[in-house]
Each structure stands twice: as structure tokens, then as C-alpha cells.
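**Q** My questions concern the predicted model and sequence given below.
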Amino acid sequence: MMGSLTTLLCLTLAAATPADHARDPFEAAETVRMFTFDHEKDRTLDKLPQPTDWSRRRGPLFPEYVEAYIDPIDAPSDYNGQRSLQFTLNGGQATYYSPAIRIATDHSYGLEAKIRTAGLIHDAAFISLSFLNYKRQRIERHLSQAVMGTHDEFQTVRVGPFNPKPEFKFVVIGCHLMAGAKMDIHGDAWFDDIRLVSLPLVTISTHNNQHYFLEGERIQIEASVSGRDVGRKHQLVLELETAEAETSEGDSEIKWIKRERRADDKDLNNSGEHTYKWDLSQLTHNDETLLKKGFYRVRATFKRDDVSILQKLTTFAVMERARPGSHGNFGWSLTEGAGEMDVPELAEVAAQGGVNWVKYPLWTDKGVVGMNDSADVTQLVERLTRKDIKLVGLLNHPPKSLMDKFAEDFTGSAIGKIFNMPNDFWYPSLEPVIASYSFRVRHWQLGDESDKSFVGMKRLPQVVDSIKQEFDRVGRNVQIGVHWDWTQQLPDSETLPNSFLSLNTDPTPNDAQLQQHLERTAATGIPRWVLIKPLSTDHQLNERAADLVRRMMVAQLGGADAVFAYNPFDPEFGLLYPDGSPTELFLPWRTTALALQESTFLGKFQMPNNSPNVVFAKPGEVLMVIWNDKPTTETIYLGEDVEITDLFGRTRPAEVIELRQTIDRKSTQARRQQVLQVGPVPIIVRKCSAPVARFRLAMQFQRKRVPSEFGEHQEMITGTNTFGQGITVTSDLKYSDKWNVEQLRAPLTLSPNEAFQLPVSLSFPRGAGIGDLSATVDFDISADREYHFTVHRPYTLGLGKVKLDVNYHVERKHGHAILVVEQIITNITEPLEILNFNCNLLIPGRRRQKRSVVKLGRGEDRKFYRILNAETLIGEEISLRAVQVDGKRFLNKSWRVEDRPPVETP
């Protein structure tokens with residue numbers, strides 16, 4: 001059937017293991033069998049030479065009129081072969097299988113081949129490696145990457161190496177030319193130099209095959225080697241590494257830190273299996289265990305004659321046990337089932353992964369790899385329910401008998417075709433699912449996360465309502481959802497009542513785009529379930545972790561009703577490997593999900609250096625997530641017991657400093673502040689004082705800006721007593737640039753939750769720069785204890801009705817560098833005022849330059865200043881001052897000339 005190419009490739013990717021980046025293992029591998037098609041005595045059928053002992057697949061989808069034969073070719077100059085196995089399309093598909101090749105279970109096996117294609121648009125060529133039992137029944141199959149299009153040279157593709165299971169006795173090689181959703185009518189594919197290789201068998205795991213540990217638990221690594229060459233030198237090297245998020249001045253990144261190394265060559269020169277055990281629990285540094293909370297990987301490198309030929313990895317996480325939370329928005333979308341995990345382990349890892357939702361296939365074709373049987377699924381439902389995790393039933397793998405009733409181009413990503421049919425078409429196959437699960441499962445999704453067959457469906461409300469009625473016969477208040485694309489108009493809650501939309505688009509949106517999507521669709525009222533697909537392993541871990549956390553926060557803040565990790569078992573962007581071991585993104589996801597579980601958004605702090613942040617309240621705690629695109633130090637008081645948690649779950653007390661502030665001539669006051677090293681990788685600031693945090697967020701300026709008119713201006717500081725008891729408050733408002741501030745100095749007494757207003761009078765100096773500036777208010781509060789802290793707030797000089805902007809660049813003319821300054825004054829006063837300004841450009845060590853703006857109505861006025869010897873001005877501060885004639889406005893701008901200002905050459 002069409003679509004089999006997509007299905008097979010998905011199955012191959014799902015079989016991936018923790019990635020390693022060792023030397024190419026195929027270079028040191030031993031060749032078990034080689035097929036070149038050059039010198040065989042090939043049999044001939046219908047005058048076309050065929051490969052000896054190979055068998056061709058036959059059937060309706062593999063017609064005989066697709067030619068498959070050995071053909072001499074004019075190969076590229078760098079290719080040694082002269083003959084290859086060629087498939088020539090005429091519609092249809094083609095597959096050839098090698099004879100069965102016996103293998104030993106003490107070696108690992110891989111497959112390498114060369115493929116060239118011509119004219120393939122929809123079809124693809126690839127090879128497969130199938131493992132068979134003693135009855136020669138296929139147990140497992142792995143595919144190479146696909147080759148499409150037109151290639152002048154042969155492309156090298158590989159499969160594995162893989163460790164055989166005990167029941168594996170034979171392997172069979174396949175050469176495939178398969179169609180996708182559409183079929184090519186014409187095209188060619190050539191296969192050559194097919195090489196089955198063997199390597200020593202290296203395995204690595206923990207002693208109990210677990211991947212998640214509490215601090216202090218015993219962790220022992222066991223590495224085994226078999227299939228060694230007698231008479232050669234062998235060595236097994238184990239290395240322990242951990243990922244650490246380090247942020248300091250000038251530096252912010254996640255680094256891989258090598259902790260320990262062990263080399264073992266004992267008995268490795270003998271035949272047979274050798275196992276090395278390494279108890280990591282015994283590793284210490286400064287009398288403390290090395291295995292603190294975090295993400296770890298152990299790399300086993302097998303060397304032969306001092307050359308590294310094979311590497312294997314295992315990963316594990318050390319963490320504290322998660323407290324079950326009944327209210328959380330985060331979940332996993334397991335569209336292909338549980339991978340290689342068993343049900344009890346999946347339920348436990350999900351609970352410890354900070355999730356409250358799990359999407360799982362409940363309508364499955366038993367022939368689909370990775371699908372558990374009904375007993376396992378029932379057990380999974382029960383275990384997830386006990387852990388306060390809601391299960392969403394995915395209806396994404398209909399029985400093959402149902403799909404076969406459609407045309408050959410039906411794929412599993414077109415479930416809408418099935419449910420758009422009358423109920424008696426699909427209900428009989430779905431009835432057992434409804435009977436088994438609908439009384440426990442309230443949420444059901446039609447199709448998987450790539451199924452777009454419901455987008456734009458005219459009968460969608462009727463289809464969803466019809467399905468809901470069938471489920472409601474057994475369950476109650478069932479909700480039926482579908483996958484939707486962010487770029488398409490969303491139906492509203494009246495059109496699709498009792499429904500939800502699982503939302504994503506390709507390419508996946510970043511945090512800013514996701515925020516725009518959420519804001520744009522908020523009014524629809526329909527529950528929006530956001531899919532988050534992390535960045536792939538092509539990106540640096542810094543970027544991947546930071547991007548994941550920011551999108552999780554944006555989804556939470558944007559009102560998403562649920563937030564799902566897209567296919568957590570995916571080898572490129574997943575949170576887990578198929579065996580259940582964590583990838584490097586598992587802990588960043590977990591740490592963030594647990595931090596935001598049962599949380600409420602409070603607001604955002606104005607930080608001294610403007611680092612973006614989000615503040616949340618949880619039962620018994622206030623926390624802040626903070627980051628900055630550039631490494632920055634923030635100093636702020638947040639409480640007495642503040643802790644810093646990095647994305648890998650490591651927690652430490654926040655650094656504290658004491659600043660002495662002069663009160664009067666005789667006394668000073670100590671102000672404790674936390675010092676936060678902030679960078680692109682977010683950190684979580686825990687155990688913030690709730691009263692202090694709420695007081696900070698409540699404090700505001702009433703006007704937030706004053707006109708750029710010389711003289712006295714009135715302002716009001718407003719806020720609320722958030723300390724839960726009576727307090728006394730004194731405040732001290734400060735601005736930069738020598739502003740004059742008159743304010744109430746006497747203590748203010750407030751009852752719990754009482755609002756306050758503090759009037760202040762402001763006047764600014766003539767040299768004050770127009771635009772944004774920073775204001776600070778020092779508060780001294782007497783409550784259950786004494787509190788002394790500073791609140792930062794943005795403030796603006798100027799109402800934006802009259803603006804002064806400055807641009808500058810360097811002109812090169814006749815060998816001279818001239819600094820050109822452009823002055824732009826904009827008048828948008830309402831009602832309109834006609835304005836006149838005297839303007840002065842102030843240059844250190846130079847005569848000031850003057851310009852006049854005369855009768856400026858609505859719009860802009862531009863003036864230019866030119867200064868010779870521009871190179872002498874680098875680093876100097878230049879000021880531009882515009883004073884209104886017969887008016888009160890003062891417009892000022894100051895800036896430093898950059899080392900390399902923009903250059904224009906006339």
C-alpha cells in the first residue's frame with residue numbers, strides 16, 4: 001500500500017539508541033559478506049541477469065513490470081564497481097532480498113551500501129537489515145536513510161551497528177525502491193557494494209537497568225565485551241560525564257564536564273565475554289559524592305591495538321522524587337506507544353517527568369511495532385490514574401482491515417477519511433475500544449500530531465458530534481479533539497463544543513511566534529493544546545534547553561490549556577531514548593514542568609539590568625524564571641532563604657551581599673541583596689519571599705512619565721500592603737541626572753491589604769535626556785521583621801508628542817573622516833502647536849555647532865552637523881540639546897561615538 005515508505009522510516013527512527021560521536025565504527029569492522037554483483041555467475045530471467053540466490057518480493061504492490069536486474073553502468077571516476085543491481089520504474093515498487101546469513105550473538109552487526117538514484121521525486125531507495133530467529137521468521141528490521149532525486153555519484157548509506165538479541169540467528173539484507181503518498185511513474189535506482197560487517201559486541205548499562213536514581217542510591221555501571229580477536233591488544237575505557245549549566249560574568253553555557261575515567265585491559269586479550277563493573281556511588285570529591293543531582297552519561301570506548309573502534313553510551317539522571325501534583329498543564333504525546341519500555345516503567349517515568357497528561361494510542365493495529373497489547377494498556381490506564389495523570393486516547397492507528405477499504409494512497413495521517421464515513425463503517429472496529437476505556441478516559445484525539453485531514457473539513461462539527469455520541473453511551477462528558485495548524489483559522493467553542501485542538505505548525509514556531517499565535521487565537525474560547533517540538537540535536541545544548549524552557553513558559557502564560565512534548569521518543573528532538581533512558585532535554589523539561597506545576601502567574605520584576613523574567617506563585621512559594629541574551633549580573637533583594645535551581649535540578653543558596661547605605665551623618669543601614677548571574681540559559685529562583693514579591697509587583701507610578709517642560713511636575717507612588725499584617729513604610733524616590741524630588745518622609749502606617757498613595761514633586765535639570773530612564777524607590781518596612789529593599793521602575797521624560805532622534809555615520813571624503821550627525825525633531829502635538837527650537841551640538845574640546853528649527857508644524861524637521869577628524873572622537877560623549885523658543889520644552893540626547901560607526905563613501 002502507498003505510505004509504507006513513511007511507516008518504515010518512522011519505525012527505523014524509533015529504534016535509535018543514545019547517540020555517540022566516536023570514530024566511524026565501519027572503518028575497523030570485519031566484513032562478514034560482500035555483494036558487488038561484479039563477478040557472480042548470475043542467473044538470467046527473461047534475458048535480464050539476476051543476482052544469485054537473491055529473491056524478489058512479489059505481489060499487487062510489487063508488479064513484475066518494474067524491471068530489476070544486474071546492469072553494467074558507466075560509473076563516476078571515483079567509483080570502482082562496474083556492475084550493480086538496478087531497478088527501473090514503470091509505476092509500482094520493487095524489493096530484492098539476499099539469502100539468509102548466519103550470525104553469532106557475541107558480535108554486533110551493521111550494513112553499508114552505495115545507492116544512486118535518477119528521476120525519483122516521490123519514491124525513495126534504501127536498504128534494510130532484518131534479524132531472523134531459528135525458524136527464519138523476521139523479529140526486527142532496521143532501515144537506512146532514504147536516497148531520492150538524481151545523483152551523479154553513488155551515496156553511501158548505513159544501518160547500525162546493532163547488538164543482536166539472543167533469539168537472533170540470521171540476517172537478511174533488503175534493497176528497496178518504495179513509493180510514498182504518491183508514486184513515481186519513471187525513475188531508476190542502483191545498489192552496489194553491499195557490505196555486512198561485524199564488530200565486537202559492547203554493551204553498557206546500570207546494574208539494575210534503571211535510569212533514574214535518587215541522591216545517595218547505589219549506581220553501578222556494567223560494561224561487557226565479547227567477540228574479540230585473539231592475539232590482538234584490547235582495552236575498554238569508561239568515562240563519566242555530566243552536563244552543567246555554568247553562568248558567570250562574561251560566560252553562560254551548558255558544558256559537558258568529564259568527572260572520572262577508568263581503563264580496563266584485564267583478560268581482554270582472551271576470548272569469551274568480559275564484564276567490567278564500576279561502582280559510581282564510591283566516587284567522591286572533597287569528601288562529597290560526585291553523583292549529585294543532574295544528568296549523566298557514561299561512555300564505553302573499546303580499543304583494538306590502541307585504536308578506538310566502537311563506542312556505546314548509557315545515560316541516567318540523579319534527582320529528587322517529584323511530589324505528585326494534581327493540577328498541571330504539561331504532558332507527553334506518545335503517538336507511537338511506549339517504545340521499548342514496559343508499562344510500569346513508563347507510568348513511573350511520566351510521573352517523575354513532571355507531566356499531568358499523556359497521549360497514548362488506544363485504537364491500534366496489532367501489526368504496528370511498539371504497540372502494547374490490551375492488557376498492558378489497561379494496566380497503564382490504571383497506573384496513570386493513580387498518579388493523577390490524565391490519559392488522552394489517540395485514535396491514530398486504525399486496523400489494517402479498515403484502511404484497506406480505501407484507495408492505495410491512504411495513510412495513517414488521514415484519519416478524517418475514516419470518520420467522515422457513516423458510523424456503521426468505522427464503529428464496529430472502534431466498539432471494543434469504547435467499551436474498554438471510555439468510562440475512564442474522557443479525552444480522545446482523532447489522528448496523530450501530523451494528521452491534517454480535519455483542517456478545513458466542512459462537516460467537522462457533525463463528525464465530532466457523531467463520534468462523541470458513541471463514546472457518551474458508555475462514558476460521560478467525553479471531549480473529542482483533533483490536530484490543527486496554527487496558520488489556519490481556528491474554529492470557536494460554539495462551532496466545536498466539548499472539543500479541543502492540538503496545535504502545531506511546520507516549521508515549529510519559536511517562543512515569540514508561539515506567543516503571537518496564542519494572543520491571536522485567545523478569543524476563540526476553544527481549548528488550545530500546544531505541541532512543543534524541541535530543537536534538534538543539530539543545535540547546541542545551550543540553545544536547545546533555553547528554547548524549550550522559554551516555549552514552555554510562553555505556552556503557560558499564553559493561556560494554553562495543555563502543553564505537550566511532541567513525540568518524546570524521537571532520537572533528534574525527544575526527551576527519552578526508546579529504552580526509557582533520558583536525553584539531555586529530559587531534566588530541563590522536568591525541572592520547568594515541576595516548577596510551573598500548580599502555579600499562577602503573578603507578573604514580571606523590573607530588574608536593574610533589564611533581564612527578562614516571569615514570576616509565579618505556588619502553594620507555599622513564589623519563584624522566578626530569569627534569563628538574558630547576554631551574560632549579566634543582577635542584584636536584587638528577594639527574601640532571606642532564596643535558592644537557585646539550574647535546568648538540571650541542581651539547587652544552591654543564592655549568593656548574598658550587604659550594601660551599606662548612609663541614613664544620616666551618624667548612621668548607615670545594611671541592605672541584603674541576592675546576586676544572580678544570568679545568561680541565555682534560564683535559571684529558576686526559588687523560595688522568594690511572597691510578601692516582598694507581591695509588594696514589588698504592586699508598587700507603580702500613577703503617571704509613569706512627565707512632559708519635557710521645565711518646572712515642577714506631580715507624581716504619585718501607589719501600592720498595597722501585601723505582608724498580611726500591619727506595617728510601617730518609609731520610601732525614598734531617586735532618579736538619575738540630578739533630578740529634584742520632594743516627597744513625604746514620615747513613616748506610613750498600613751493595615752493588611754490596605755492600598756497607599758505617596759505624592760511626590762519632580763523637576764529635572766536642563767541637561768536631562770529625553771526618553772526612557774530608570775527610577776528607584778528604596779523601601780524600609782517594619783513587619784514581622786525589618787525589610788530593606790529597592791524597587792526599580794521605568795520612567796519616561798517626555799510625552800512622546802515632541803521627539804528628538806539622532807543618527808550618525810562617518811563619511812570618507814578626499815582622505816578625511818567626517819562625522820555626520822543627523823538631528824530629527826518630530827512634532828505630533830494635539831492640538832497642533834507650531835514649534836521653534838534653538839539647537840546646540842556639544843563636542844568635547846570643540847566649538848559647539850548651532851542650528852535653528854523654525855515654525856515646525858506637524859511632521860519632521862531634519863538638520864545635519866559635520867565634524868572633521870572623526871577618528872579623534874571615538875569613545876567621546878557627544879550631546880545634542882534642543883531648547884524651545886518661548887516655551888518650556890528641553891530635548892536632550894547624549895551618546896558615545898562607537899569604535900566603528902557606520903561608514904558612507906560619497
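**A** Right, received. Where do you want to start?

**Q** for the closest residue to Asp538 other than its chain neighbours, phi and psi?
**A** Ranked by Cβ to Cβ, 6 or more residues apart in numbering and with sequence neighbours excluded, the top spatial neighbour of Asp538 is Glu572, at 7.9 Å. For glycine as for every other residue, the C-beta is placed from the backbone atoms N, C-alpha and C. As for Glu572, its main-chain torsions (degrees, to the nearest 10) stand at phi -90, psi -40.

**Q** What pLDDT does the model give Glu572?
**A** Glu572 carries a pLDDT value of 89.

**Q** With Arg261 instead?
**A** In this prediction Arg261 is given a pLDDT of 78.

**Q** low-confidence ranges in the stretch 701-850 of the chain?
**A** Low-confidence segments of the stretch 701-850 of the chain (pLDDT under 70): 737, 767.

**Q** Break down it into its strands, ranges please.
**A** 705-706, 713-720, 727-735, 740-743, 748-750, 755-763, 771-782, 786-797, 802-813, 816-827, 835-842, 849-856 (DSSP state E, counting those that start in this stretch).

**Q** Now do the helices in this structure.
**A** 4-14, 343-352, 374-386, 400-403, 415-419, 423-437, 460-472, 511-521, 541-557, 586-596, 690-698 (DSSP state H).

**Q** hang on, the earlier thing: could you dump the strands of the stretch 701-850 of the chain to JSON lines with distance to Gln311 and mean neighbour count?
**A** Below are these laid out as JSON lines (distance: least, Cβ to Cβ, whole Å; neighbours: other Cβ atoms under 10 Å):
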{"stretch": "strand 705-706", "distance to Gln311": "61", "mean neighbour count": "19"}
{"stretch": "strand 713-720", "distance to Gln311": "60", "mean neighbour count": "17"}
{"stretch": "strand 727-735", "distance to Gln311": "59", "mean neighbour count": "17"}
{"stretch": "strand 740-743", "distance to Gln311": "66", "mean neighbour count": "13"}
{"stretch": "strand 748-750", "distance to Gln311": "65", "mean neighbour count": "17"}
{"stretch": "strand 755-763", "distance to Gln311": "64", "mean neighbour count": "15"}
{"stretch": "strand 771-782", "distance to Gln311": "53", "mean neighbour count": "17"}
{"stretch": "strand 786-797", "distance to Gln311": "51", "mean neighbour count": "18"}
{"stretch": "strand 802-813", "distance to Gln311": "54", "mean neighbour count": "17"}
{"stretch": "strand 816-827", "distance to Gln311": "57", "mean neighbour count": "18"}
{"stretch": "strand 835-842", "distance to Gln311": "65", "mean neighbour count": "18"}
{"stretch": "strand 849-856", "distance to Gln311": "68", "mean neighbour count": "14"}
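
**Q** Walk me through the domains of the protein.
**A** Per automatic domain parsing, the domain ranges recorded for the chain read 4-199, 207-318, 330-596, 600-688, 693-797, 802-904.

**Q** circling back: and the helices of the chain, which is most packed in?
**A** By mean neighbour count, with neighbours taken as mean count of other Cβ atoms under 10 Å, helix 586-596 ranks first of the helices of the chain at a mean of 26.

**Q** Return the helix or strand in the protein with minimum mean pLDDT.
**A** Lowest on mean pLDDT, DSSP states H and E among the helices and strands of the chain sits helix 4-14, with a mean of 35.

**Q** most tightly surrounded among the domains of the chain?
**A** domain 330-596 comes out most buried of the domains of the chain by mean count of other Cβ under 10 Å, with a mean of 19.

**Q** quick one: that one to chain centroid distance?
**A** Centroid separation for domain 330-596 versus its chain: 17 Å, with Cα atoms, centre = their mean, to the nearest Å.

**Q** Equivalent analysis for stretch 290-297, please.
**A** Centroid separation for stretch 290-297 versus its chain: 21 Å, with Cα atoms, centre = their mean.

**Q** quick one: average confidence on that stretch?
**A** 89.

**Q** what residues does it touch?
**A** Stretch 290-297 is contacted from outside by 18, 213, 215, 219, 240-244, 259-260, 280-281, 283-284, 313-320, 582, 584, 586-587, 648-651, using Cβ atoms under 8 Å, 6 or more residues apart in numbering.
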